[in-house]
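Undergrad: next comes the sequence, and after it the predicted model I'd like to discuss.
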Amino acid sequence: MNQDFDLYQTSEEHEMLRASIRSLAEAKIAPFAAEVDEQSRFPAEALKALVAADLHAVHVPQEYGGSGADALATVIVIEEVARVCASSSLIPAVNKLGSLPVILSGSEELKKRYLAPLAEGNALFSYCLSEPDAGSDAVGMTTRAVREGDSYVLNGVKRWITNAGVSEYYTVMAVTDPGKRSKGISAFVVEKSDEGVSFGAPEKKLGIKGSPTREVYLDQVRIPADRMIGADGTGFATAMKTLDHTRVTIAAQALGIAQGALDHAKGYVQERKQFGKPIGDFQGVQFMLADMAMKLEATRQLTYAAAAKSERVDSDLTFYGAAAKCFASDAAMQITTDAVQLLGGYGFTRDYPVERMMRDAKITQIYEGTNQIQRIVMARTLP
Ligand code: CAA
């Protein structure tokens, strides 16, 4: 067996982590999942439980007060939470997305100031790249940051911001030099309490209804110049490097949603009797379950391989992150749709969780770059 294969084998520690997050998720997050969806409300119970167990931001390095968990451990946390509640899985996932620019490119001072409150559970972190007219074409953003003495003044609108309004901290990409396209974009930390920051109404969405998605308005927001993450003009590269890592976390979310749907479908076909026997005894149903399980296992392997790449400097993570996210989200859409089919009319009702899982799976094909963008990213990396 070669070393690369060994890299994504889960260790005993990883499996112990899985057992502990699974029991936490089933006891403290699953009971609220349907209500959180139905009422489109933030899963405060999940946040409380994750913070109490120190599982809300496991990726934060130990020197800044975190547990310094590796990318695979982070994937396992997100996967297990998503298995019962996709909205809640965005707490650890978006904490990584929002804070990774600081971890990858921020000054020591910024790391100390912003990572400790995140690790302690006193603040969540969001990521502001997209705008109303700059989604897939992220370089086309128009939010401006203008230097004035020791400050920058930010103006613009960021859109589709996950956990907006709940998070204390926001990584904001903004144009500092309009003539330079991607090289004229810089990254900043903006705080919710900064004067001039406000939020739009929560979007009315198909799925992940418990995770608020809102616009972030920046109106003459004056921040100290030392809140710039990395050097002037490096914000776009930092944003893209971040997504290389965090697309793996979206793959993990998709994987967890799909596992949850398969688990429910498997249980249901053993109970549900038609034509005098459990429907699971029919070969047509067995074929469907086998296909779902096969796609799920391929998803898990690719996602864990991508997590291993996330740990290595100079790896082909750009390809793997995009491939894992694209493959996992397509698989999750297929598996959750098949789960609804297996439950028949019951699957189409809110009395069973599979319709929620199918609605939640859809966004994984869209956010952190649509799957069409992932294919562009992958194609560009081919030798
Ligand atoms: N790592 C480091 N640098 C990178 C990079 C990477 N992975 N990808 C690009 N760059 C650099 C390039 O090297 C280039 O620099 P040079 O000119 O020096 O070579 C610069 O960035 C510009 O890159 P491109 O020329 O490739 O830019 P492009 O305009 O052709 O498009 C894109 C790039 C891949 C399409 C990119 O715009 C993209 O990923 N778009 C999708 C955006 C996205 O994923 N948005 C999700 C928002 S987050 C979210 O959804 C979460 C939420 O809260 C809802």
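TA: Looks like it came in fine. Note that the structure is a prediction, hence the values are computed from the model and not measured.
Undergrad: from residue 304, how far out is whichever residue of the stretch 251-383 of the chain sits closest to the ligand?
TA: Closest approach between the stretch 251-383 of the chain and the ligand, counting by CB to the nearest ligand atom: residue 369, at 2.9 Å. For glycine as for every other residue, the C-beta is placed from the backbone atoms N, C-alpha and C. To residue 304, residue 369 is 20 Å away according to CB to CB, to the nearest Å.
Undergrad: got it, and residue 31?
TA: Per CB to CB, residue 31 is found 29 Å from residue 304.
Undergrad: the more surrounded of these two?
TA: Using other CB atoms under 10 Å as the criterion, residue 31 and residue 304 rank with residue 304 on top: 25 against 12.
Undergrad: do the host helix or strand of the more buried one and the ligand come into contact?
TA: Taking DSSP states H and E as the criterion, the element that holds residue 304 is helix 283-310. No. Among the residues of helix 283-310, none lie within reach of the ligand under CB under 6 Å from any ligand atom; the closest is 12.4 Å away.
Undergrad: mind listing what's buried in that helix?
TA: Using 16 or more other CB atoms under 10 Å as the test for burial, helix 283-310 gives 285, 288-289, 292, 295-296, 299-300, 302-310.
Undergrad: from the contact counts, what lies against that helix?
TA: Identification of packing neighbours for helix 283-310 by 3 or more CB pairs under 8 Å, 6 or more residues apart in numbering; DSSP states H and E yields helix 3-7, helix 71-84, helix 235-271, helix 317-347.
Undergrad: if I pick the residue of the chain most remote from its centre, what's in contact with it?
TA: Relative to the mean C-alpha coordinate of the chain, counting by CA atoms, centre = their mean, the farthest residue is residue 276 (43.8 Å). Going by CB atoms under 8 Å, 6 or more residues apart in numbering, residue 276 touches no other residue.
Undergrad: next, give phi and psi for it.
TA: phi 80, psi 10 (degrees, to the nearest 10).
Undergrad: over to residue 203?
TA: According to degrees, to the nearest 10, residue 203 has phi -70, psi 150.
Undergrad: shouldn't residue 214 be within a strand?
TA: Yes. The assignment for residue 214 by DSSP: H, G, I helix; E, B strand; the rest coil puts it in a strand.
Undergrad: skipping its backbone neighbours, what lies nearest it in space?
TA: residue 164 (3.9 Å; CB to CB, 6 or more residues apart in numbering).
Undergrad: pretty sure residue 299 sits against residue 327.
TA: Yes. In terms of CB atoms under 8 Å, residue 299 counts as a neighbour of residue 327; the distance is 6.2 Å.
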